[in-house]
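S.K.: Predicted model follows, preceded by the sequence.
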Amino acid sequence: MLSLRKSTGTIGAKIAIFRRITIRTVVILDKNMKIILFGSDNTVAYARIMEFLATFPDVTVVDGGAVGSGGATSASSSIFDGADMAFSIGGDGTFLRTAHRIGRAGIPILGINAGHLGFLADVQLDEIVEALPAILAGRYDVETRSLLQLEIPDCPEPYQKYSLNEVAVLKRDLSSMVSVSVYIDGAFLNQYDADGLVIATPTGSTAYAMSAGGPILEPQSDCYAIVPIAPHSLTARPLVIRDSCRLEIEVRSRNGLFLVAADGNPLPLTTRYRLRLQQADYRISVVRRPESNFYETLRQKLMWGQDPRLVNRQK
């Protein structure tokens, strides 16, 4: 554990220097806070956050390790004991890996965007001087997000069971489609002849599912989206279902192979395996600033109402 505590007082008044900006902040904490930092491969952003948090005497910072594209470190789960919040420093991929690292611990996660699009990150890197003091003083909201639970009966290989974004069924042959049959609560829905199929949570509706033409779901919606990827039939449209539904999926392909990817983590399988999906029995807690608004985020990230030609010209 890396401790940055400098005093036991509850009022910290200091001069914080961050990215050559000098400000005076006064933060009143109800108690000493313990924060776990998880970072991507962006070590510069990670170091900046560490340096800034070091100016808060009532905050203990624990280095949770890197959760970059190469996978999470094997830090002990004991670091979660007594933790008040986790910071995910990176893009949406880093946030997903942080969520899987946190798992059932129930620790709220604040996303600090040091990546690109960043739907899950509530704070931009250049906003931390203004945003973090308020958050550390308790001025934030917590949203809970549902997950999908994947079961593959009799599968001998280890696989990721829980997905915050989506579970995708994908072809492994570049030249041919897969046939994906979907059953909802035991009733046959459809056989999708396509490049694949995405089952997305509301959180994941702005990720892979959106790029495949799926609907955008409000994050607190009690539903999932079933979205075919490049379907052979033009009448195969996305479908929104209740999140209390149980899905069973069987796959056929010309070579007898397919991929299942939980939040982007692929597992090659043969078509003899069936997939079962249902809502997970726990949720991920996400920290949001009170002024945050999902609809404003959509407008900004997707540039609704803007002329992209003018935006690119200004850059």
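M.R.: Okay, I see it.

S.K.: mind listing what Lys34 touches?
M.R.: Val59, Thr60, Val62, Gly82, Ala83, Asp84 (C-beta atoms under 8 Å, 6 or more residues apart in numbering). (Glycine included, C-beta is placed from N, CA and C.)

S.K.: ditto for Arg274
M.R.: Ile152, Pro153, Glu248, Ile249, Glu250.

S.K.: Now with 10 Å, please.
M.R.: Counting by C-beta atoms under 10 Å, 6 or more residues apart in numbering, Arg274 touches Glu151, Ile152, Pro153, Asp154, Cys155, Ser181, Tyr183, Glu248, Ile249, Glu250, Val251.

S.K.: Can you verify my assumption that the first one contacts Leu277?
M.R.: Yes: at 7.7 Å, Glu151 and Leu277 qualify as touching, with contact defined as C-beta atoms under 10 Å.

S.K.: who has more neighbours, those two?
M.R.: Comparing Glu151 with Leu277 by other C-beta atoms under 10 Å, the one with more neighbours is Leu277, at 22 against 13.

S.K.: Determine the three-state secondary structure at the more buried one.
M.R.: strand (DSSP: H, G, I helix; E, B strand; the rest coil).

S.K.: surely it meets Leu247?
M.R.: Yes: assessed by C-beta under 10 Å, Leu277 is found in contact with Leu247 at 4.2 Å.

S.K.: so the most centrally placed residue in the chain, which of the three states?
M.R.: Nearest to the geometric centre of the chain sits Leu96, at 3.4 Å (C-alpha atoms, centre = their mean). Following three-state DSSP, the label given to Leu96 is helix.

S.K.: Which residue is the nearest non-sequential neighbour of it?
M.R.: Nearest residue to Leu96 in three dimensions, chain neighbours excluded: Asp263, at 5.1 Å (C-beta to C-beta, 6 or more residues apart in numbering).

S.K.: for the chain, what are the low-confidence residue spans?
M.R.: By pLDDT under 70, the low-scoring segments of the chain are 1-31, 68-76, 117, 308, 310-315.

S.K.: before we move on, back to that, any common contacting residues for Glu151 and Leu277?
M.R.: With C-beta under 10 Å, 6+ apart, Glu151 and Leu277 have common neighbours Glu248.

S.K.: Just the closest of the contacts of Lys34 to Glu127, please.
M.R.: When the contacts of Lys34 are compared for distance to Glu127 (C-beta to C-beta), Val59 comes out closest, at 18.1 Å.
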